[in-house]
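K.L.:
Next comes the sequence, and after it the predicted model I'd like to discuss.
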Number of protein chains: 2
Amino acid sequence: MGRWEPDARGRVMQAALELFSERGFEQTTVAEIAGRAGLTERTFFRHFADKREVLFAGTDALRDLLVSTLASAPQAAAPIDAVVAALETATAPLQERRDYARRRQAVIVANAELRERELIKLASWSAALAETLRRRGVREPAASLTAEAGIAVFRIAFGRWVNDAGEPSLPQLIRASLGELRTVTAGDGAPGADRS
Amino acid sequence: MGRWEPDARGRVMQAALELFSERGFEQTTVAEIAGRAGLTERTFFRHFADKREVLFAGTDALRDLLVSTLASAPQAAAPIDAVVAALETATAPLQERRDYARRRQAVIVANAELRERELIKLASWSAALAETLRRRGVREPAASLTAEAGIAVFRIAFGRWVNDAGEPSLPQLIRASLGELRTVTAGDGAPGADRS
């Protein structure tokens, strides 16, 4: 290890997002990110495997938090409610980083490789939630369907949260999206242009 | 174009699946696939961009069929019912190719790159279904949630269809999975080990 670099990780994340936003993800090199962060490439690679992983820092920790929150939900809770409550709790800290999340999302949407990495992240969360539900006694296919439904709710809520200028918090949008998923899956909405 | 090769495409698909099953996806070369199919590499590349795409032949055609089937559903149908009916109709021909589908799935599950390609395929179907729903007058977020719910139903049904030795057809399993999704999203199932 070299000399002490205060918050090297945070500085890399900030510098990378700035450069990705300004120049595009593909056009940005690790050397440029390290330079803007005032660090060496060697220090960059102590914290991240490559420039892509800078955008997915914390993904595994978030998944672990999701799993532990779901694992400790009251056993009496319906599985979908336990999953959605875990998503609300685990992602609540993102609320403080809305500007970062918005800019990160714009970078991801603009690049096919990053969109794929995001799909893989969500699929890994879904698999982890399904496994946790099975450990709680939920059978298949209910466990997998519940996990997929929870991730669909999160994905739509997250998209609204980063794109809308409105007031609702991410947990509020997750709760609202669950309500909407219930309505659409029930399949008894009004037909024609009136459906919403 | 070279001389006429009867069903070159089908022969490549069959040869590729045999080799992927025997040796693994990574260990198989295009030259070996062409050789087993009794064709030249040049002919292989007239039909497929690379060995991975052999396993995803027909994916875009299936998505287009999904979209056109959904687009022509009765306007009075609830969106989720129209989506699931389109999935049943468009994927019914797979029933005749269950053995191929099973062996293909085993190859995909064994390889991270192929699992990612499969995720991308399903995400592209979901996006296409959501777009078609919006054209039918379904608003957001209902359109995206309905499409995601439909793809979750298909994914779980397909997994059961390729893994179970049982009798149910793919359309029957899709229908059953929709019923189960309705139950789990309603969230009023019995708690504890009784839930199924």
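P.N.:
Received, thanks. Numbers count the residues shown, from 1 in each chain, chains lettered A, B, ... in the order given.
K.L.:
List the residues that contact residue A:25.
P.N.:
By C-beta atoms under 8 Å, 6 or more residues apart in numbering or on different chains, the contact list for residue A:25 reads A:51-52, A:107, A:110-111, A:113-114. Bear in mind the C-beta positions are built from the backbone N, C-alpha and C, glycine included.
K.L.:
Now do the SS call for it.
P.N.:
Classification of residue A:25 by DSSP: H, G, I helix; E, B strand; the rest coil places it in coil.
K.L.:
Let me see the domain layout of chain A.
P.N.:
As assigned by automatic domain parsing, chain A contains the domains A:8-54, A:59-185.
K.L.:
measure the closest residue to residue A:78 other than its chain neighbours to residue B:34 for me?
P.N.:
Among residues not flanking residue A:78 along the chain, residue B:187 sits closest, at 3.8 Å (C-beta to C-beta, 6 or more residues apart in numbering or on different chains). Look at residue B:187 and residue B:34: by C-beta to C-beta, to the nearest Å, they are 53 Å apart.
K.L.:
Of these two, give the one with the bigger neighbour count.
P.N.:
Using other C-beta atoms under 10 Å in any protein chain shown, the more surrounded residue of residue B:187 and residue B:34 is residue B:34, with 21 against 18.
K.L.:
Does the more buried one touch residue B:41 like I think?
P.N.:
Yes: using C-beta atoms under 8 Å, residue B:34 and residue B:41 qualify as a contacting pair, with a distance of 4.8 Å.
K.L.:
hang on, the earlier thing: please render the contacts of residue A:25 as JSON lines that adds distance to chain B to the earlier fields.
P.N.:
Converted to JSON lines, the contacts of residue A:25 look like this (distance: C-beta to the nearest C-beta, whole Å):
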{"residue": "A:51", "distance to chain B": "19"}
{"residue": "A:52", "distance to chain B": "14"}
{"residue": "A:107", "distance to chain B": "18"}
{"residue": "A:110", "distance to chain B": "16"}
{"residue": "A:111", "distance to chain B": "13"}
{"residue": "A:113", "distance to chain B": "11"}
{"residue": "A:114", "distance to chain B": "12"}
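K.L.:
Weed out the non-buried ones from these.
P.N.:
The neighbour-count test (16 or more other C-beta atoms under 10 Å in any protein chain shown) marks A:51, A:107, A:111, A:114 as buried among the contacts of residue A:25.
K.L.:
if I pick the closest residue to the first one other than its chain neighbours, what's in contact with it?
P.N.:
In space, not counting the residues next to it along the chain, residue A:51 is nearest to residue A:30; the distance is 5.4 Å by C-beta to C-beta, 6+ apart. For residue A:30, the residues meeting the contact criterion (C-beta under 8 Å, 6+ apart) are A:41, A:44-45, A:50-51.
K.L.:
and residue A:30, how far is that from residue A:43?
P.N.:
Counting by C-beta to C-beta, the gap from residue A:30 to residue A:43 is 11 Å.
K.L.:
Give me the buried positions along stretch A:117-128.
P.N.:
Buried residues in stretch A:117-128 (16+ other C-beta under 10 Å): A:117-120, A:122-123, A:125-126, A:128.
K.L.:
Settle this for me: residue A:183 is touching residue B:142, isn't it.
P.N.:
Yes: under the criterion of C-beta under 8 Å, residue A:183 makes contact with residue B:142 at 7.4 Å.
K.L.:
Comparing those two, which residue is more hemmed in?
P.N.:
Per other C-beta under 10 Å, whichever of residue A:183 and residue B:142 has more neighbours is residue B:142, with 22 against 18.
K.L.:
Am I right that the more buried one is in contact with residue A:184?
P.N.:
Yes: using C-beta under 8 Å, residue B:142 is in contact with residue A:184, at 5.3 Å.
K.L.:
Spit out the residues that contact those two alike.
P.N.:
Common neighbours of residue B:142 and residue A:184 (C-beta under 8 Å, 6+ apart) are residue B:79.
K.L.:
Any chance you could list what contacts the biggest helix by length in chain A?
P.N.:
Counting by DSSP state H, the longest helix found in chain A is helix A:112-135. Outside of helix A:112-135, the residues within contact range by C-beta under 8 Å, 6+ apart are A:25, A:52, A:55-56, A:59, A:62-63, A:66-67, A:70-71, A:79, A:82-83, A:86, A:107-109, A:140, A:142-144, A:146-148, A:150-151, A:154-155, B:116, B:119-120, B:123.
K.L.:
and if you look at stretch A:58-74?
P.N.:
A:82-83, A:85-87, A:89-91, A:121, A:124-125, A:128-129, A:131-133, A:135-136.
K.L.:
just the buried members of those residues?
P.N.:
A:82-83, A:85-87, A:90-91, A:125, A:128-129, A:132-133, A:136.
K.L.:
how about those in a markdown table, adding distance to residue B:20 and pLDDT?
P.N.:
Conversion of those to a markdown table gives the following (distance: C-beta to C-beta, whole Å; pLDDT from 0 to 100):
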| residue | distance to residue B:20 | pLDDT |
| --- | --- | --- |
| A:82 | 39 | 96 |
| A:83 | 35 | 97 |
| A:85 | 42 | 95 |
| A:86 | 38 | 96 |
| A:87 | 37 | 95 |
| A:90 | 38 | 92 |
| A:91 | 38 | 90 |
| A:125 | 29 | 96 |
| A:128 | 28 | 97 |
| A:129 | 30 | 97 |
| A:132 | 32 | 98 |
| A:133 | 32 | 97 |
| A:136 | 36 | 96 |
